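Visitor: kindly generate the corresponding structure for this input.
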Amino acid sequence: MKTLSMIELTRGTGISQYLSSFAMIERENLIILDTNKHSILECLLGITPTLEETNKYAKFNYFNNKNFYELEIFFCRFHNLYIRSLQFPEKPGIQLIKNVIAYIKSLNSLKNCNYLIVYFPFGNYLNEIKQIISGSDYSVVFSEGKPLIETELKSYLETAPESRKRLGFVYTKTEENCENIIESESIHHKPLGILPYNLLIQNATINHKVVLEIDEGNCHGNTIKEVWNKIKGKVAV
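Guide: Residues are numbered from 1 along each chain as shown. Okay, the predicted model is just below:
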């Protein structure tokens, strides 16, 4: 099982649409670990987080020293798994997340899954990117379509150039930023792709639909699938 960290660098990336699209493509071959409960993502994946629904799904107990975390594992409408814990602090530590990942990989019932996506939401982990990259098979930074590279990230890539093989960028393009240059020229790192974030994406989200469900064979759907195939190619054996 390959660990893929998805880091939201800026707001307005539409990352929930892209993660749920990856889930729709891979189905039972993919697991999503949400480090900070994301209601939009849960909605797109078909999760109904009520007490009655929660009791229907599998729960695993994870112990970290003296702390107890109940990991909730939901079966999504695309036949993959979504894992969360309402007992995580607002910002779980990187070491805790690494321990949970190791625990998930140790479960025999999940060994047939090929990919584990770990979602790091906006604003929570900019200062821990080095640790995230070192603990993942591959990491992807999602950012709006501007040449925006945070100082911490740029500094790390300049001092550890070998890390570039384990890190990719995905930009999202809106009408407002479409004139900007979509390139990380300052660190000589070509993005994996440019994903659209427009009215179609927004309307799909409002209607609780994954964009691939309404645009699978057209421009948006093809772009999303191309980016996902590039990400998979980075961790291919």
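
Visitor: show me what the top helix by length along the chain is packed up against.
Guide: In the chain, with assignment by DSSP state H, the single longest helix is helix 219-234. Using 3 or more Cβ pairs under 8 Å, 6 or more residues apart in numbering; DSSP states H and E, the elements in contact with helix 219-234 are helix 15-26, strand 138-144, strand 167-173, strand 193-196, helix 211-215. For every residue, glycine as well, the C-beta is placed using N, CA and C.

Visitor: for it, buried residues please.
Guide: By 16 or more other Cβ atoms under 10 Å, the buried positions in helix 219-234 come out as 220-221, 223-225, 227-228, 231-232, 234.

Visitor: min pLDDT across these, which one?
Guide: pLDDT across the buried residues of helix 219-234 is lowest for residue 220, at 76.

Visitor: report the separation between that one and residue 123.
Guide: As judged by Cβ to Cβ, to the nearest Å, residue 220 and residue 123 stand 27 Å apart.

Visitor: which residues of the protein score low on pLDDT?
Guide: Counting by pLDDT under 70, the chain has low-confidence residues at 12, 37-38, 48-69, 145-163, 173-189, 216-217, 237.

Visitor: can you name the residues bridging to the closest residue to residue 133 other than its chain neighbours?
Guide: The shortest distance from residue 133 to any residue other than its chain neighbours is 4.9 Å, reached at residue 139 (Cβ to Cβ, 6 or more residues apart in numbering). Beta-bridge pairing of residue 139 under DSSP bridges involves residue 5, residue 167.

Visitor: now for residue 139: which residues touch it?
Guide: Contact analysis of residue 139 by Cβ atoms under 8 Å, 6 or more residues apart in numbering lists 4-7, 129, 132-133, 166-168.

Visitor: give the buried subset of those as a PyMOL selection command.
Guide: To isolate the buried ones among the contacts of residue 139 in PyMOL, judged by 16+ other Cβ under 10 Å, type:
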select buried, resi 4+5+6+7+129+132+133+166+167+168
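
Visitor: report the two of the contacts of residue 139 separated the most.
Guide: 4 and 129 (14.6 Å; Cβ to Cβ).

Visitor: residue 42: which element?
Guide: Using DSSP states H and E, residue 42 maps to helix 39-45.

Visitor: buried residues in that helix?
Guide: Neighbour-count burial for helix 39-45, counted by 16+ other Cβ under 10 Å, picks out 41-45.

Visitor: count the neighbours of the nearest residue to residue 223 once chain neighbours are set aside for me.
Guide: Nearest residue to residue 223, sequence neighbours excluded (Cβ to Cβ, 6+ apart): residue 195, at 6.0 Å. Applying other Cβ atoms under 10 Å, we find 25 other residues in the vicinity of residue 195.

Visitor: what of the one 5 residues further on?
Guide: Neighbouring residues of residue 200 were enumerated by other Cβ under 10 Å; the total is 16.

Visitor: I'd guessed it sits against residue 220; true?
Guide: Yes - at 6.3 Å, residue 200 counts as touching residue 220 under the criterion of Cβ atoms under 8 Å.
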